[in-house]
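Enquirer: for reference, the sequence and a predicted model appear below.
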Amino acid sequence: MKPSMEENRLLEDMNEEDYEIEFPPRHSNRSTWTFRSILTCSLLILSISINIFQCWYFQNFASERSKHAGVTGGISRNFVTNTEWSSDNTTHADMLWTELSPDTGMVVVDADYSQKMGLYRTQPFPWDQSKNIYMLEGYHSLHCLMYIYRALREFEQGIPQTTPMHHHIHCLDALRENAICSADDTLRPAGSGQATPLVPEKQPRKQCRDWNQLERWAVENSACFKRYPDDDPKHRTLEEWRNCPENSQFMPLVNKFFNGS
Ligand SMILES: *[C@@H]1O[C@H](CO)[C@@H](O)[C@H](O)[C@H]1NC(C)=O
């Protein structure tokens, strides 16, 4: 049988280079070698780039992502010592504090998800027993601030307190926990110095998460909840769970229950 080209070449090699087998074969293809080195270098550069990108991404965004709603960080806000919420115009301040709507933070998640994440089992959701009810921590803080604000205004005006003292202590405790938990190292101007930036064109900034993202997630997973005051006959009744946002999957059930249609 006629030896193939490959075999011919092998035979030639054997004859000519019997004692040189440890060196790279003479007619290794130069262009293949160049191609391989370019490929290796490219892959190396790509791998290094991906590593650098990952470091940058995790440092700036991923580590800031919230656990359940996936709210991202990277929101830079001017640092200010006073906002409209501490306005001397009490009519204006009262309006802002009562508009906080912490009920938006009442959400439902699948019981499976609760179990996977090791969360508390809660009272079943009236419109879907396979879901658990939670209040988002951020909204609970707002709820607390709202109640404490109202208590202080009632105290200031000398009118009876709406909410019992133990609720305010619970709220102060929750806010204390949050302060300890976030270990926020923002440098607030203190002492008697003027609170103006040292470099006028460079206002101090604060890194924040995107509250609007959290709000969107809360609405998408809404528990249809609206709290009625303790002395309202609707307090602690199903009436509190019929306030679904538009497009809520529970709307048809709620309508059926309350209107029979
Ligand atoms: C106080 O705030 C209210 C509500 O925003 C506003 O209508 C009113 O004009 C303000 N009063 C003053 C003195 O600025």
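Expert: The structure has been received and is ready for your questions. Residues are numbered from 1 along each chain as shown.

Enquirer: Ala151 contacts His168, correct?
Expert: Yes - the pair Ala151 / His168 is scored as a contact, 5.7 Å apart, by CB atoms under 8 Å. C-betas here are computed from N, CA, C, even on glycine.

Enquirer: longest strand in this structure, please.
Expert: Taking DSSP state E as the criterion, the chain has its longest strand at strand 128-135.

Enquirer: pull the residues that contact the helix or strand just after it.
Expert: Using DSSP states H and E, the helix or strand that follows strand 128-135 in sequence is helix 137-157. Here helix 137-157 makes contact (CB atoms under 8 Å, 6 or more residues apart in numbering) with 90, 94, 97-98, 100, 102-106, 135, 160-163, 167-168, 171-172, 174-175, 178, 211, 214, 218.

Enquirer: switch to 7 Å and redo it
Expert: Applying CB atoms under 7 Å, 6 or more residues apart in numbering, the external contacts of helix 137-157 come out as 94, 97, 100, 102, 104-105, 161-163, 167-168, 171, 174-175, 178, 214, 218.

Enquirer: before we move on, what about stretch 178-194?
Expert: Contacts of stretch 178-194 (CB under 7 Å, 6+ apart): Phe79, Thr81, Ser141, Ala195, Lys206.

Enquirer: C-alpha coordinates for it, PDB please?
Expert: In PDB, the C-alpha atoms belonging to stretch 178-194 read as follows (Å, rounded to 0.1, in the frame of the first residue of the first chain):
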ATOM      1  CA  ASN A 178     -31.400  49.400  62.100                       C
ATOM      2  CA  ALA A 179     -28.800  52.000  63.200                       C
ATOM      3  CA  ILE A 180     -26.600  49.300  64.700                       C
ATOM      4  CA  CYS A 181     -27.100  47.000  61.700                       C
ATOM      5  CA  SER A 182     -26.300  49.500  59.000                       C
ATOM      6  CA  ALA A 183     -23.200  50.800  60.800                       C
ATOM      7  CA  ASP A 184     -23.400  53.900  58.600                       C
ATOM      8  CA  ASP A 185     -20.100  55.800  58.500                       C
ATOM      9  CA  THR A 186     -21.400  59.000  56.800                       C
ATOM     10  CA  LEU A 187     -19.500  61.900  58.400                       C
ATOM     11  CA  ARG A 188     -22.200  64.400  59.500                       C
ATOM     12  CA  PRO A 189     -21.000  67.900  60.400                       C
ATOM     13  CA  ALA A 190     -21.100  68.100  64.200                       C
ATOM     14  CA  GLY A 191     -20.200  70.700  66.800                       C
ATOM     15  CA  SER A 192     -20.900  74.400  66.400                       C
ATOM     16  CA  GLY A 193     -19.300  74.900  63.000                       C
ATOM     17  CA  GLN A 194     -21.300  76.000  60.000                       C
END
